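Asker: Sequence and predicted structure are below.
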Amino acid sequence: MSQYAILIYEDPAFYETMPPEGWAAVVDAHNTFTKQVSELGGSLTGGGALAPVTTATTIKGGGTVTDGPFVQSKEALLGYYVVEARDLDHAVDIGKLCPANGGGVEVRPIVNPSTNPF
């Protein structure tokens, strides 16, 4: 099995205006997703929600430090999972189940330097 990152991009405004009962639904959706990963024969090895985009600090080439995300867009990277899957197709099948609340997910292989040093 190989590891893949499932990167969750969503509109931060979705959460800024969410009523308290909405949070319970989001948590339930992610709990369901973690169960589905196992049901599909994958394994969840890590992940988390990221703090709001307003807390981001970007360091660009030459050491320039700025407040805010690297890229300005409506959708932002708000969370991630690390999963083990048989191959990219399997990881994509898992990624299709990941809740993104109107946003989207990106599935990317995680490089193992001992077997694929670029």
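Answerer: Structure received.

Asker: so what secondary structure elements neighbour the lowest-mean-pLDDT helix or strand in the chain?
Answerer: Ranked by mean pLDDT, DSSP states H and E, the helix or strand of the chain with the weakest confidence is strand 64-67, at a mean of 80. Where contact means 3 or more CB pairs under 8 Å, 6 or more residues apart in numbering; DSSP states H and E, strand 64-67 is packed against strand 57-60. Quick note: C-beta positions are derived from backbone N, CA and C, even for glycine.

Asker: mind checking how far the strand it packs on is from the chain centre?
Answerer: Its chain's C-alpha centre lies 20 Å from the corresponding centre of strand 57-60 when counted by CA atoms, centre = their mean, to the nearest Å.

Asker: how about the CA coordinates for it, as PDB?
Answerer: Written as PDB, here are the backbone C-alpha positions of strand 57-60 (Å, rounded to 0.1, in the frame of the first residue of the first chain):
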ATOM      1  CA  THR A  57       1.800  33.000   7.200                       C
ATOM      2  CA  THR A  58       3.500  32.600   3.900                       C
ATOM      3  CA  ILE A  59       7.300  32.500   3.400                       C
ATOM      4  CA  LYS A  60       8.300  33.000  -0.300                       C
END
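
Asker: Give me the mean pLDDT for it.
Answerer: Along strand 57-60, the predicted local confidence has a mean pLDDT of 84.
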